[in-house]
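> got a predicted structure here, sequence first:
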Amino acid sequence: MNAKLRAAFVIARRDYVATVFSKTFLLFLIGPLLPLIFALAFAAIGIGSDQDSAEPTIAVIANGKMAAAIRASSDRLSSAGIAEIAIHSPSRDEPAQVRRLLGGPGVVAVLSGLPASPVLTGTARMVDRYDGPAGLILDDARRELALDAAHARPRPLAIARHPIDRAAAVEASDRKATARGAQFVLVMLTIILAGMLLSNLTEEKSNKVIEILAAAVPVDAIFFGKLLAMLGMSLTGIAIWGSVAAIAVPLFAPNLIAGLGVPSIGWPLLLLLGIVYFIASYLLLGALFLGIGAQASSVREVQTLSMPVTMAQVGVFGLGAMAVNHPDSGLGLVAAIFPWSSPFAMIARAAQRPELWPHLIAILWQAGWVALIIAIGARMFRRSVLKSGGPKGGLLAALRRTIKGSE
């Protein structure tokens with residue numbers, strides 16, 4: 001084994017044992033319960049607001065002139081109280097597209113089979129309610145097309161009704177709730193656990209322990225060892241919290257899991273991907289936080305750093321959350337590609353889409369960025385440790401000296 005890697009494991013074992021086998025670790029395990037309760041409450045509020053704010057919409061699968069005519073007819077008839085229309089281009093697997101659209105926000109029915117054989121799909125109640133509005137819009141659009149082509153006025157075209165079971169109609173919506181739940185759990189675990197790396201070195205720098213370690217082992221090994229130790233401690237905490245939840249939820253909240261939709265890839269694969277994406281998210285954020293936190297020499301400076309770091313986290317988490325409704329949209333792809341939001345966007349996608357190959361690509365992509373961020377964080381860490389005996393005042397003083405030097 002490489003000497004540097006062996007030294008990193010020695011540092012990791014030292015920090016892990018010192019942290020986990022201490023009295024404060026018990027307090028650490030109890031501490032996150034309140035934030036997790038708030039996270040579940042906010043998740044429920046978010047899901048409810050999605051459902052409340054969505055306008056009743058008929059999704060129409062059409063393209064070309066028919067799509068343009070239907071859109072124009074919808075605009076003309078909107079003042080008469082006709083339902084909103086959302087146009088979608090046809091896909092190769094139209095039945096699957098219909099099922100997917102029925103789970104969209106506010107979608108009450110789907111009109112497909114255009115232009116020759118229109119079919120309205122939805123629950124029996126929604127098909128009864130929106131068969132008339134859909135027929136009016138379609139007849140108006142066909143009249144518009146006939147006038148443009150100088151044809152005679154076409155006969156009204158009957159719309160075939162395809163009522164489906166409510167369970168099939170709400171399946172995608174339930175999976176969206178599962179996606180949001182998985183995302184919130186991942187977000188809260190990352191907030192609770194990765195943020196501690198900002199203050200990980202403050203005490204060791206103040207009592208010169210870090211300089212003793214730097215004299216004995218490579219500085220990069222110290223950085224990687226501490227990152228591994230904190231990751232191991234985090235996974236230990238997650239294992240304990242998960243075991244408690246596995247016992248407590250069936251006893252005290254048996255309907256909690258029943259209210260979630262079964263993920264497209266199944267619960268075992270979702271849990272496995274959740275662990276992988278947590279490790280990726282933790283290493284991406286943790287390496288950066290450890291490098292930034294190494295620049296601080298006091299608790300006050302760590303507190304000063306906490307605000308911008310927290311705001312950056314909120315921005316990243318928000319980007320991942322916005323991709324839940326439309327994972328295949330431009331915003332969804334940006335969230336999946338941007339390294340720090342990628343784990344949150346992809347865990348939501350795992351609950352909504354059955355394909356596994358995007359996750360293989362995402363894991364490889366995130367692994368490359370993890371290696372890059374660890375290298376950058378190690379360089380920041382090395383620079384801080386090697387200069388720990390230099391000018392005093394820490395990060396804020398260094399910033400002041402830089403500003404004065406530029407004047």
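All right, it came through fine.
> pLDDT weak spots in the stretch 251-400 of the chain?
252-261, 297, 299, 302-303, 385-400 (pLDDT under 70).
> if we go to 90?
251-268, 283-335, 340-341, 348-356, 370-400 (pLDDT under 90).
> let me see the ranges of the helices in it.
For the stretch 251-400 of the chain, the helices defined by DSSP state H, counting those that start in this stretch occupy 255-258, 267-293, 299-322, 330-337, 342-352, 357-386, 394-406.
> point out the most buried one among those helices.
Comparing the helices of the stretch 251-400 of the chain by mean neighbour count (mean count of other C-beta atoms under 10 Å), helix 342-352 ranks first with a mean of 27. Where you see a C-beta, it was placed from the backbone N, CA and C, and this is true even at glycine.
> hmm, who's touching it?
For helix 342-352, the surrounding residues in contact (C-beta atoms under 8 Å, 6 or more residues apart in numbering) are 172, 175-176, 178-180, 182-183, 186-187, 261, 263-265, 269-270, 273-274, 277-278, 280-281, 284, 316-317, 319-321, 323-324, 327, 332, 335-336, 358-359, 362, 365-366.
> likewise for stretch 237-246?
For stretch 237-246, using C-beta under 8 Å, 6+ apart, the contacting residues are 28-29, 32, 189, 193, 278.
> from these, list just the buried residues.
Among the contacts of stretch 237-246, those buried by neighbour count (16 or more other C-beta atoms under 10 Å) are 28, 32, 189, 193, 278.
> I'd like these as a markdown table, with distance to A229 and secondary structure appended.
A markdown table is the format used below for the buried ones among the contacts of stretch 237-246 (distance: C-beta to C-beta, whole Å; DSSP: H, G, I helix; E, B strand; the rest coil):
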| residue | distance to A229 | secondary structure |
| --- | --- | --- |
| F28 | 14 | helix |
| P32 | 19 | coil |
| L189 | 17 | helix |
| L193 | 12 | helix |
| F278 | 16 | helix |
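> pick out the lowest-pLDDT one from those residues.
pLDDT across these is lowest for P32, at 65.
> what's the closest of the buried ones among the contacts of stretch 237-246 to V209?
Among those, F28 lies closest to V209 (C-beta to C-beta), at 21.1 Å.
> please report how far the most centrally placed residue in the chain lies from G315.
In the chain, the residue lying closest to the centroid (C-alpha atoms, centre = their mean) is F344, at 2.5 Å. As judged by C-beta to C-beta, to the nearest Å, F344 and G315 stand 12 Å apart.
> do A96 as well
Counting by C-beta to C-beta - A96 and G315 are separated by 34 Å.
> again, but for I192
I192 is 18 Å from G315, where distance means C-beta to C-beta.
> picking up where we left off before, quick one: which of the helices of the stretch 251-400 of the chain is nearest A134?
helix 342-352 (26.6 Å).
> quick check: angle from that closest one to helix 357-386?
160 degrees (axes from the mean of the first three to the mean of the last three C-alpha atoms, to 10 degrees).
> then V60 would be within a strand, right?
Yes. Judged by DSSP: H, G, I helix; E, B strand; the rest coil, V60 forms part of a strand.
> hey, what's it bridged with?
I87, L111 (DSSP bridges).
> my guess is it contacts P90. True?
No. Using C-beta atoms under 8 Å, V60 makes no contact with P90, being 10.3 Å away.
> which of these two has more neighbours?
V60 (26 against 14; other C-beta atoms under 10 Å).
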